[in-house]
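Chemist: Structure of the sequence below:
(one chain, ligands or ions: 2)
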Amino acid sequence: VKTLTNTIEKISEKAFYFEQAEEQDDFLKESLQSIQLDTSAEMAAIFLYEKSSNELIFRAGIDTAGVWDRSKMSEDVPSFQVSEHEAGRAFTQNKVIRLDFEKSEEHPFSSKLILPLSLGPMNIGILILAHSEENFFKEYNDFDLTSAVRDLADILSNSSLFLQGNEELHIISGQKASTGIAFGYAIPFWAEKNLETILPAENKEAELSRFHQSVELAIEQLETLQNSSTLVISEMGNMIFSAHILMIKDHSFIQKMVDEIEAGATADAAITTVVNEYAQRFSEMSEQRFSEKAQDVRDLGYRLKNNLNSGKKRQFSYKGKIALARHIYPSDLLRLSMQGVSGIVLFGAGVTAHISILARSLDVPVLITDDPSLFAINDGTRLLLDAIKGKLYIEPTEDFVRERQSKVKKHVDPRIFTLKGKTRDNVFVQVAANVNILKDAEDAKKQGSEGIGLYRSEFPFILKNDFLTEEQQYHIYKKIAESQKGKEVIFRTADIGGDKLMQGRQDSEDNPFLGVRGIRFSLANRDMFRDQLRAMIRAGYQKQLGIMLPMVSSVEEVLEAKDEIKKIQDSLKSDGITFAEKLKIGAMIELPSAAMVVEEIARECDFLSIGTNDLTMYLLAVDRTNENLSHLYRSHHPAVLSVLQSIVKNSQGHSVEISVCGDAAADPVLIPFFIGIGIRKLSVSPFNIEPVKKRIAQFTLDEAKKIAGELLSINRIVEMDRYLKDFSIRYPEPV
Ligand code: PEP
Ligand code: MG
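Modeler: Numbering: from 1, shown residues only. Ligands and ions are numbered 1, 2, ... in the order given. Take a look at the predicted model:
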């Protein structure tokens, strides 16, 4: 079996000498020469992709007659449309392609090997090798070739030779999923270059002992993290880090690294090789709970390598690091955040609403971009992540960083906010908190929350990507209930489904937002539903507990759930377990159907809460997670406002409390609107509590009613836009 690895290493060493842009061609030719020499190919050529023409265009080549250069060619530069020819196929499908022909006039080369050159997921071109003998390249295996050309592309891009328009690389634009600013050093979470550092034999023992020390230290660190009592960690951390501990105690994983070192690799190189191999294998698995492990294993790899080189510093953290990733699961987000990551940049779409919600709770700025130049950013590059403006600045100047950071310094108000929410003329409007993780509950308390209006209980499930036992849930819920010191706490039963899938636990659906989501999921999975209700009802002992049902579409679902709650209370009683005897039962009004039959639902409930996030989505048929439709996703749409008013009107007369818990509850224009139509409770994210209270205090009830009337009289979107613009001048937000 032949390999290209040594050739690539040679090229890599040379890259150092060709740093100037003018030397770019020479470097390419040198590289081709090495490849041709080592493989004995009779021809080698590189074609690069050009976006404007969608073609692969010849860049440089070499054959037995010498080097051919694009600049010395006639106008006829060879090219392929990417949609045609095997070369196009190798490029678009990112595959090694072997072509074997009988020798003929048409095919002077009987064997051809076409290799895709890729940078991260972005293909930048192809490398073609050819020989006149048949089956000439059969001794190379595809796996080795793939990894070798990946390294080759990496080298070419590292020495800034490959990418045209280099200056453009300095700013990457994207959508913000969680706002904020972070400065730090890049830490890419995709395949790292394998380090082929060879160790002198006499150093082997020392290297092995260095490696084992790093493993021991990692176990120690992970166990500390797992048992740490800080808030977020005590909630989910032990589950999240136990995967790492299992992995690191897995004999074969560590043994593989030991084998690499025994075979002469440095400990750093051994870790990289084995981590790449495992991550690759995990990421190819279709089931999420396995593919999720790809990041886990890279994360662990960073820890091990860091420990190798940290000397006496025994801590490991991502503080001052900006993680670049292709994909991220909620558990990764929590893990990175717990290890102090300063910011995250993600490639591509597919970011679920819950990633954004969680990132905001964790206060981690997150940017999503579809710009593939993200993959050209190297480990350690200085970055300024501005997830307020939606930009990532690469190697920004220090002045720029300072200026940007000083503009957005968080204003920390040392007062403890204890005032109740009320209008200027003293009408009380309760301001409660939306809570996703335990940290939110603590933040909420500090910000002066009047209880919890929505606890999204699916978060632990989504973070773990599995169900939790009744006991595990009970401990989490109890902490959340206790955090509010006697104020009302509303637990929403799990809203799984939609984009909050737990893969492997749920059948995949063509239209998950219209599928088995929320209460439908709970009623279809009774055991899980009962475990959850038992845990909630137990945690609500001697608390003011409310249980709220998500995604209700008809009153029958409420009746079925009430029946379960009653049965659980009875069984807890006969088991002699303490539980909440008095509790309120409520429904989310977030589907158009529920809004239409709200009177019937109100009759059966103690409270209702309007979920404007979903209500807007389902009324307007606009996916809340689809960035391309964000201009159509508007809670100020005349249809939405009219439905909101009718919900309040039609539920009045039943002694039911009604609140709003979607993001619109913190909207500066909609706050007076809600008060005007009769809402007296808003539930918002913790850091919105104070601003929302201040906004409420700006208006009298009559003013709010007048504003609601004005808004409801508007039927056209253009007119609405004009009104909103005008409104912000008439009623500037309080400072
Ligand atoms: C809503 O839909 O408005 C809501 C509060 O619930 P979630 O965002 O969890 O779907
Ligand atoms: Mg909802």
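
Chemist: So the most centrally placed residue in the chain versus K293, what's the distance?
Modeler: Centrality entry for the chain: nearest residue to the mean C-alpha point is I328, 4.1 Å, by CA atoms, centre = their mean. From I328 across to K293, the span is 13 Å (CB to CB, to the nearest Å). Using the backbone N, CA and C atoms, a C-beta is placed for each residue, glycine as well.

Chemist: what do you get for H85?
Modeler: Remark: distance between H85 and K293 (CB to CB) = 38 Å.

Chemist: out of those two, which sits in the busier spot?
Modeler: K293 (22 against 13; other CB atoms under 10 Å).

Chemist: That one contacts E284, correct?
Modeler: No - because the distance of 11.3 Å does not satisfy CB atoms under 8 Å, K293 is recorded as not touching E284.

Chemist: Neighbours of P78, how many?
Modeler: Neighbour tally, P78, other CB under 10 Å: 14.

Chemist: which phi and psi does the residue lying closest to it once chain neighbours are set aside have?
Modeler: Distances taken as CB to CB, 6 or more residues apart in numbering put F58 closest to P78, at 4.4 Å, once the chain neighbours are dropped. With angles defined as degrees, to the nearest 10, F58 sits at phi -60, psi 130.

Chemist: and the closest residue to S483 other than its chain neighbours, what element?
Modeler: Excluding its sequence neighbours, the residue lying closest to S483 (CB to CB, 6+ apart) is A441, at 4.0 Å. Per DSSP states H and E: A441 is located in helix 438-446.

Chemist: What residues sit buried inside that helix?
Modeler: 438-445 (16 or more other CB atoms under 10 Å).

Chemist: what packs against it?
Modeler: When contacts are defined as 3 or more CB pairs under 8 Å, 6 or more residues apart in numbering; DSSP states H and E, helix 438-446 sits against helix 231-232, helix 353-362, strand 430-435, strand 452-456, helix 470-483.

Chemist: ok, and what's touching the last one?
Modeler: The reference is to helix 470-483. Helix 470-483 has contacts (CB atoms under 8 Å, 6 or more residues apart in numbering) with 234-235, 435, 438, 441-442, 444-445, 452, 455, 457, 460, 468, 489, 491, 531-532, 534-536, 538-540, 543, 545.

Chemist: Buried ones only from the residues you listed, please, as a ChimeraX command.
Modeler: One line in ChimeraX is enough to select the buried ones among the contacts of helix 470-483; burial here means 16+ other CB under 10 Å:
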select :234,235,435,438,441,442,444,445,452,455,457,460,468,489,491,531,532,534,535,536,538,539,540,543,545
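
Chemist: Return the member of the buried residues of helix 438-446 nearest to ligand 2.
Modeler: Distances from ligand 2 to those, taken as CB to the ion, are shortest for D440 (16.6 Å).

Chemist: Report the contact partners of the closest one.
Modeler: For D440, the contacting residues are 361, 433-434, 685-686, by CB under 8 Å, 6+ apart.

Chemist: Could you rerun that using 6 Å?
Modeler: Applying CB atoms under 6 Å, 6 or more residues apart in numbering, we find D440 in contact with 361, 686.

Chemist: State the pLDDT value of the closest residue to ligand 2 within the stretch 451-600 of the chain.
Modeler: Ligand 2 sits closest to E590 of the stretch 451-600 of the chain, with a gap of 4.7 Å, by CB to the ion. pLDDT, E590: 98.

Chemist: Great, nothing more from me.
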